[in-house]
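Chemist: Curious how this folds, go ahead:
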Amino acid sequence: MNFFRCLPLFLFFALLMTISVNAEESMQNDCASQSKFLADEFLVKLQQGDTAGITKALGEWESLCGLTEPLFRARLLYHYSLDNSITLADSAKLLDFAIAFDVRQNLINQDDIKARDDYFALYPEYFGHIPIDGNFDRQTRLIAQTMKFRAPANTPVGALVRMYAGETASFFQTLKNGGMKETRLAHEYAERVRTLQRMPEYNFGLQLGAWVPHGDLTVIGIRPLLGVYAGVALKNTSINATFGLRMGQSSNPFKMTVKDTLVSTRHHQGGFLGLELIQYMITGSHTRWGVFATGGYDLIDMVETIRNPTRQTFGSWALHTGFRGEYIRENRSRITFKASYTLLNHKHDKGSPLGGNALEFSVGMGITDNPRRNETLKRLGY
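Modeler: As a prediction, this is how the structure comes out:
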């Protein structure tokens, strides 16, 4: 009974939601179809000096699309042409608009026109439905170029005018170097950079090396080592899950008991699974050096195959400590170097003893990256 009483209310809210969705879709369709026309209308009225026409075109444009980057650019250039002291640049979306313009400018500068047009077709809303390197982009660039000589680079508005004139890199470089202090733009820029730099990057890599045992473990001998790691990096600290595999027959016959009979074999496999913590302490433009510690579990696997195939596996908690360095390449890949000492506690009471520890040396190739984080930092001048 209660359900039927509430049914009209449910239907009413469902109708409101449908109307809202349809209105939003209609607005988006109108924005897509009218943006270019209104942008061109603004340019015509600006050339004619028709203040009322400019205000009308900009108002209709915003009512259909909201405040997009092209509309923001048009408003700023128009108001700056009237008054050098405008404060329009304190818009809360200013930094996002500057990044969007940088993306647009980079697409304009590339030679592959088809790729540029395909990118615009995929993300028209991001570009305010204004074609890349069309009439609006070319005309606003010319307008900005006539204004940039009286636009002081150390103010948000002046820096934006210069950016629209084609000096995109200098806009972010000025902010990076501490320009425009005490402005909302500078504070937003610093906070955005800090937020991005705190975001983790993701590690992945392969390593090749040698496992060099000593003590009783020399019965196994020096073995080639294949390793893989994956994890996250935060500034100069990394945490990785690591896996290593040792291959090849033991250097000397290994004695083990099979059905109360002491037999010899050289069929060997070994491995390690653990968690690695790296702390880099010396950093350069392309190199980093630091220390690491890895805790995990080590396995030695021996198989006797002549009499009756039998496998015996020996396990030990293990701790690796040592030094790690890396050379960072331009594409974010890196060549890594590791040297460590491994503490082990393998035991075997009825055959060849397994006491002893080991050294490890390896060289590898890996990558540390977070494309979204690093591409945005690059656009911000880092």
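Chemist: so where do the strands sit in the chain?
Modeler: Secondary structure of the chain, counting by DSSP state E: strands at 201-213, 223-234, 237-246, 254-258, 261-265, 267-283, 287-304, 310-328, 333-343, 358-369.
Chemist: Quick one: these as JSON lines, columns for distance to A115, mean pLDDT and mean neighbour count too.
Modeler: Where C-beta positions appear, they are placed from N, C-alpha and C, glycine not excepted. Output for the strands of the chain, formatted as JSON lines (distance: least, Cβ to Cβ, whole Å; pLDDT from 0 to 100; neighbours: other Cβ atoms under 10 Å):
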{"stretch": "strand 201-213", "distance to A115": "27", "mean pLDDT": "96", "mean neighbour count": "18"}
{"stretch": "strand 223-234", "distance to A115": "31", "mean pLDDT": "96", "mean neighbour count": "17"}
{"stretch": "strand 237-246", "distance to A115": "35", "mean pLDDT": "96", "mean neighbour count": "19"}
{"stretch": "strand 254-258", "distance to A115": "60", "mean pLDDT": "85", "mean neighbour count": "18"}
{"stretch": "strand 261-265", "distance to A115": "60", "mean pLDDT": "83", "mean neighbour count": "15"}
{"stretch": "strand 267-283", "distance to A115": "36", "mean pLDDT": "95", "mean neighbour count": "17"}
{"stretch": "strand 287-304", "distance to A115": "35", "mean pLDDT": "94", "mean neighbour count": "18"}
{"stretch": "strand 310-328", "distance to A115": "28", "mean pLDDT": "94", "mean neighbour count": "16"}
{"stretch": "strand 333-343", "distance to A115": "24", "mean pLDDT": "96", "mean neighbour count": "17"}
{"stretch": "strand 358-369", "distance to A115": "22", "mean pLDDT": "96", "mean neighbour count": "18"}
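Chemist: Could you say which one of these comes nearest to M147?
Modeler: Proximity to M147 (Cβ to Cβ) singles out strand 358-369 among the strands of the chain, at 39.4 Å.
Chemist: Tell me what angle the closest one forms with strand 223-234.
Modeler: Note on geometry: by axes from the mean of the first three to the mean of the last three Cα atoms, to 10 degrees, strand 358-369 and strand 223-234 are set 40 degrees apart in direction.
Chemist: Could you tell me which other helices and strands strand 358-369 packs against?
Modeler: Applying 3 or more Cβ pairs under 8 Å, 6 or more residues apart in numbering; DSSP states H and E, we find strand 358-369 packed against strand 201-213, strand 223-234, strand 310-328, strand 333-343.
Chemist: pull the CA atoms of the second one into PDB?
Modeler: Listed in PDB are the C-alpha atoms of strand 223-234, where the atom choice follows Å, rounded to 0.1, in the frame of the first residue of the first chain:
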ATOM      1  CA  ARG A 223      74.300 -19.000 -11.000                       C
ATOM      2  CA  PRO A 224      72.800 -16.700 -13.600                       C
ATOM      3  CA  LEU A 225      69.900 -14.600 -12.200                       C
ATOM      4  CA  LEU A 226      66.800 -13.300 -14.000                       C
ATOM      5  CA  GLY A 227      64.700 -10.800 -12.100                       C
ATOM      6  CA  VAL A 228      61.500  -8.800 -12.600                       C
ATOM      7  CA  TYR A 229      60.100  -6.000 -10.400                       C
ATOM      8  CA  ALA A 230      57.000  -3.900 -10.400                       C
ATOM      9  CA  GLY A 231      55.900  -1.200  -7.900                       C
ATOM     10  CA  VAL A 232      55.400   2.500  -7.200                       C
ATOM     11  CA  ALA A 233      57.800   5.500  -6.900                       C
ATOM     12  CA  LEU A 234      57.300   8.600  -4.800                       C
END
